[in-house]
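>>> I would like the atomic coordinates for the input below:
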Amino acid sequence: MHQILTLAKKEFRSYFDSPVAYVVITLFLLISGWQFSTTLFLSNTADLRTLFGIIRFILLFFIPALSMRLISEEKRLGTIELLMTLPIKDWQLILGKFLAAYLLVIITILLTLVHYVTIASLGEPDFGATVGGYLGLILVVGVYLSIGIFTSCLTHNQIVAFIVSFVIIFIFFIIDKVIIFFPGFIGNLLEFLSTDYHFNNVARGVIDTRNLIYYATMMFLFLFLAVQSLESRKWK
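Numbers count the residues shown, from 1 in each chain. Predicted coordinates for the structure are as follows:
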């Protein structure tokens, strides 16, 4: 655990040693804030559902862009082999980078709480739904980042990693929107696989263990696949 936290701290600091963190946070807040303020007075409702919808859409592009470099850049620069000479295992490397990126995105999302203050000054937003919405976003980010780091392990090319992760993330995002074409068991299965379906359940403010198990399972699965992909270099 010590190695993971040390690597995560080092990776997290590296975001702020370069313009990456500042650009990412600024762009995210500008886009979400502008879209939210534009629709706020049109909808004339004191809730954050619009903001959560905007953020979920931004994450489709934001997470692949952030995660595409996590492993692929190490491969491109040849520093992955140097990292492997350190007393650290592949799964510790994956978890360290995952936690650093996860923390950066969580901080970025929580900065949008300023909009809750704005809404609270105009009305009485549902506190439970707000907590559920932010919890749902944090869980969704975990799944998207695990997908992103998995695809980053597959290639040296960051653009390829971005495209592949975007496609996979988009499929899990949109899959519950097409269940009308797949009635019965297949439709229920596709709905259950959708990240957005589970987000909507959590965002209602009612925490169901089935939703938590889904997110935990998805994160574990793609992080496991990332470790297996990274270890596959040893078999060549």
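
>>> quick one: the spatially closest residue to Leu212 that is not a sequence neighbour from His2, how far?
Spatial nearest neighbour of Leu212, excluding adjacent residues (Cβ to Cβ, 6 or more residues apart in numbering): Leu139 at 7.5 Å. Any C-beta I mention is one placed from the backbone N, CA and C, and that applies to glycine too. Distance from Leu139 to His2, counting by Cβ to Cβ, to the nearest Å: 26 Å.

>>> what about these two, which has more around it?
Leu139 (21 against 7; other Cβ atoms under 10 Å).

>>> these two touch, right, the more buried one and Asn201?
No - the criterion here is Cβ atoms under 8 Å, and Leu139 misses it with Asn201 at 10.7 Å.

>>> Now do the shared contacts for those two.
Asn211 (Cβ atoms under 8 Å, 6 or more residues apart in numbering).

>>> Toward the C-terminus, what is the element adjacent to the least confident helix or strand in the chain by mean pLDDT?
One helix or strand of the chain scores below all others by mean pLDDT, DSSP states H and E: helix 79-84, with a mean of 66. Per DSSP states H and E, the first helix or strand lying C-terminal to helix 79-84 is helix 90-110.

>>> Centre-most residue in this protein?
Of all residues in the chain, the one closest to the mean position by Cα atoms, centre = their mean is Val141, 2.2 Å from it.

>>> Quick check: that one vs Phe166, distance?
15 Å.

>>> go on, Asp126?
From Asp126 to Phe166 the distance is 32 Å (Cβ to Cβ).

>>> Likewise for Thr38?
Distance from Thr38 to Phe166, by Cβ to Cβ: 25 Å.

>>> And the average pLDDT for stretch 30-43 is what?
Stretch 30-43 shows a mean pLDDT of 76.

>>> Same question for stretch 222-236.
pLDDT averaged over stretch 222-236 gives 80.

>>> hmm, back to that, so between Thr38 and Phe166, which is more surrounded?
Phe166 (20 against 11).

>>> Tell me which residues touch that one, please.
Leu60, Phe61, Pro64.

>>> Spatially nearest residue to the residue nearest to the centre of the chain, not counting backbone neighbours?
Leaving out its chain neighbours, the residue that sits closest to Val141 by Cβ to Cβ, 6+ apart is Val105, at 5.0 Å.

>>> residues in contact with that neighbour?
By Cβ under 8 Å, 6+ apart, the neighbours of Val105 are Phe62, Ile63, Leu66, Val141, Leu145.
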